[in-house]
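Enquirer: fold the following for me, if possible:
(2 chains)
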Amino acid sequence: MNSFWPLVITLGYVAIAMAIGLKARAGHRMDTLEQWGVAGRSMGPVTLYLLIAAGSVSAYTFMGAPGWAYSKGVAVFYVAVYLAYLALVAWYFGPKVWQFGEQFGHVTQASAIADRYQSPTLGALASLVMAVGSIAVAVLQTVGSAYILFVMSGGAIPVWLGVIIVLSCIAVYLYISGQRAIGRTNAFQGALMLVVAWAVGLWAVHSATGGLDMSAVFTRIQQDHAEFLTLPGARGDMSFSFWTTSIIVSMFSFMPPVWTQWMCASSARTIRRSATWLPTYYVVILPVVVVGFIGIYSLPDLARADTVVLEYAMANLPVVLVGLLGAGTLAASMSSSEPFIHSVALSATKDVLQPLFKLSDAFTAKLARWLLLPVMALIIAPLAIAEPGSLVMILLVGLGFASQVLPAFIGMFFWPRASKLGVMAGILSGFAVTVAFTTVWSHPLGIHAGFWGLMFNLPVFVAVSLATPAVEASVVERFFRISAPRGFKRA
Amino acid sequence: MRHLFVLPTSRAGWVLLAAFVMLVLAGIWPVIGFVNRAALVFGLPLMIVWSYVVIFSCVGVMLVGNHIVEGDGHE
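Expert: All right, here's what the predicted structure looks like:
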């Protein structure tokens, strides 16, 4: 591919995203965490829908998911199912989290944990360990962004330069417009991804079959490669137990940026309405995954499965569509990395540095914005440029940990007797098991390591909670007026 | 407080909880085992069709849930 148009279109997208991000500030002062952190709790249902949808659809959708279809088959759809379940989670918990934030002034997940258990230490612990998973996500997405610029420029923009370009753009509009930039850019990126995914998918089907009917692709797969149409997939590694436990663990991973996004809604009803329609967005996955299936018979010898869409597009699609694919993939990776970068800076300042150094609210708000820069320049950029082989391992451990924070949420939404020590004991035991079953003995019996962690975590949490003092009654009552407006049942 | 737990307090709430649980069960084992066949439905693999049935059923259940929650004035 020698045309310069794909690069022009991809860089054009970057310029538009930059302009939207800078304009998102719209005259608002960004000197409070209420504004910079949660956009003044002002987002309407459409912006919130696209914010959460685009944030959850990462570069994985355009690269990893078709790659999974190419190498394993329909097993890839566990992602679409758990994303729909995350909408159920948002529907139930989102409005309550919004009310916590609005009434108690929380702007981060860790603030809510610290408040519920009256323990800044527990809040700081949650913030720091969640940061491991968040940074890993941000690094992986940044690597994806840089790779797209490398491919679209025909190798003229090396990965290190791509990392710097992408992070610089994000840094400027995040510093200036904060969560408002994330909301506006994600809305644009979400719409762009949907259009690009279907345009690329349908064009690829047309080029492969001469029509727009996807059934021609699957009929051929059914005849020649039927193992791609069932579990455990073509490689035999997606068992029923791994499918099931991966979905359950992913459902219970309350990642901090999602929590913050819930608090950006203009009302509890807004988030419920957005969550209701959120699963409809996941039709974005189908067309790009179909390209992965086409690749099974048209590109049988690919070295890297996750390049299947790019390789197929460059060989068979018009240059304008290749450029749009580059823009769409870059949009997917940027829309996922920026909430995680913002969340790390926000939570590290609010939940670790402020209580540690007794900082004022005004200084904390200023510090959170500046902290973006060292987080990007000293952690994310070097890691992304180095592309360490263990990054996926860090990510798995990080996400495995995210689900281990579940006891903190059980005590916030369901069980008033949960104690600070019970939550800490549950998290630490679950984390230790998850780490061991990720690194030493990977996913024993084909069950996700995070699920093993939960099986140790929850009994420890309950036992230690019952054996240690409960949180002060007035605090519990304050939280459960929102979590259980009609009171409790005796279990 | 020891044995207190947040559970639905109305029949509609219990029905909604049951619907949520059924949705989750529909997407995991053992239910997923029944649709794990190399068959095509409307030209798409059965597993993909079933995944989207579950996904759009989530929308339907949440729409009903909105009606219940907003109807009784509890936000």
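
Enquirer: which parts of the stretch 251-400 of chain A are helices?
Expert: A:256-263, A:268-277, A:285-298, A:308-316, A:319-347, A:354-357, A:361-374, A:381-386, A:391-404 (DSSP state H, counting those that start in this stretch).

Enquirer: longest helix anywhere in chain B?
Expert: The residue-count maximum for a helix in chain B (DSSP state H) belongs to helix B:46-71.

Enquirer: report the angle between it and helix A:268-277.
Expert: 160 degrees (axes from the mean of the first three to the mean of the last three CA atoms, to 10 degrees).

Enquirer: so how far is helix B:46-71 from its chain's centroid?
Expert: 6 Å (CA atoms, centre = their mean, to the nearest Å).

Enquirer: same for that helix, what does it pack against?
Expert: Judged by 3 or more CB pairs under 8 Å, 6 or more residues apart in numbering or on different chains; DSSP states H and E, helix B:46-71 is in contact with helix A:78-104, helix A:268-277, helix B:11-26. All C-beta spots, glycine's among them, are computed from the backbone N, C-alpha and C.

Enquirer: what's the spacing between residue A:440 and chain B?
Expert: 26 Å (CB to the nearest CB, to the nearest Å).

Enquirer: what's the answer for residue A:268, then?
Expert: Distance, residue A:268 to chain B, by CB to the nearest CB: 5 Å.

Enquirer: please apply the same query to residue A:335.
Expert: 20 Å.

Enquirer: looking at it, that residue is touching residue A:55, isn't it?
Expert: Yes - Residue A:335 is in contact with residue A:55 according to CB atoms under 8 Å; the separation is 6.0 Å.

Enquirer: so which residue of chain A comes closest to chain B?
Expert: Per CB to the nearest CB, residue A:215 is where chain A lies closest to chain B, at 2.4 Å.

Enquirer: check that residue and give its pLDDT.
Expert: pLDDT, residue A:215: 95.

Enquirer: give the burial count for it, as a bare number.
Expert: 16 (other CB atoms under 10 Å in any protein chain shown).

Enquirer: I'd assumed residue B:40 was in contact with it.
Expert: Yes - with contact defined as CB under 8 Å, residue A:215 reaches residue B:40; the gap is 6.6 Å.

Enquirer: contacting residues around residue 37?
Expert: All of this refers to chain A. A:107, A:108, A:178, A:179, A:260, A:346, A:350, A:365, A:368 (CB atoms under 8 Å, 6 or more residues apart in numbering or on different chains).

Enquirer: that's the wrong chain, I meant chain B
Expert: Contacts of residue B:37 by CB under 8 Å, 6+ apart are A:229, A:230, B:46.

Enquirer: assign it to helix, strand or coil.
Expert: The three-state assignment at residue B:37 reads coil, by DSSP: H, G, I helix; E, B strand; the rest coil.

Enquirer: ramachandran coordinates for it?
Expert: phi -130, psi 150 (degrees, to the nearest 10).

Enquirer: in chain B, which residue sits nearest chain A?
Expert: Of all residues in chain B, residue B:43 sits closest to chain A, at 2.4 Å by CB to the nearest CB.

Enquirer: any idea of the pLDDT on that residue?
Expert: 94.

Enquirer: ok, residue A:455 next?
Expert: Looking at residue A:455, the pLDDT reads 93.

Enquirer: which SSE is it in?
Expert: In the assignment (DSSP states H and E), residue A:455 maps to helix A:449-467.

Enquirer: and chain B, is that helix touching that?
Expert: Yes - judged by CB under 8 Å from any CB of the partner chain, helix A:449-467 and chain B are in contact via residue A:466.

Enquirer: show me what counts as buried in that helix.
Expert: A:449-454, A:456-458, A:460-462, A:464-465 (16 or more other CB atoms under 10 Å in any protein chain shown).

Enquirer: try stretch A:20-40
Expert: Residues of stretch A:20-40 classed as buried by neighbour count (16+ other CB under 10 Å): A:20-22, A:24-25, A:28, A:30, A:32-40.

Enquirer: swap in stretch A:274-288?
Expert: So, applying 16+ other CB under 10 Å, buried residues of stretch A:274-288: A:274-282, A:284-288.

Enquirer: export that stretch to CSV, keeping only CA atoms.
Expert: This file holds the C-alpha atoms of stretch A:274-288, laid out as CSV (Å, rounded to 0.1, in the frame of the first residue of the first chain):
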residue,chain,number,x,y,z
SER,A,274,-28.2,5.1,29.0
ALA,A,275,-27.5,1.7,30.5
THR,A,276,-30.8,0.4,29.1
TRP,A,277,-29.8,1.0,25.5
LEU,A,278,-26.1,0.3,26.0
PRO,A,279,-26.2,-3.3,24.7
THR,A,280,-27.5,-2.1,21.3
TYR,A,281,-24.0,-0.6,20.7
TYR,A,282,-22.4,-4.0,20.7
VAL,A,283,-23.7,-4.6,17.2
VAL,A,284,-20.4,-2.9,16.4
ILE,A,285,-18.6,-6.1,17.1
LEU,A,286,-20.3,-8.3,14.5
PRO,A,287,-19.0,-6.8,11.2
VAL,A,288,-15.3,-6.7,12.2
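
Enquirer: hang on, the earlier thing: so the longest helix of chain B versus helix A:78-104, what angle?
Expert: Going by the same axes, to 10 degrees, helix B:46-71 makes 20 degrees with helix A:78-104.
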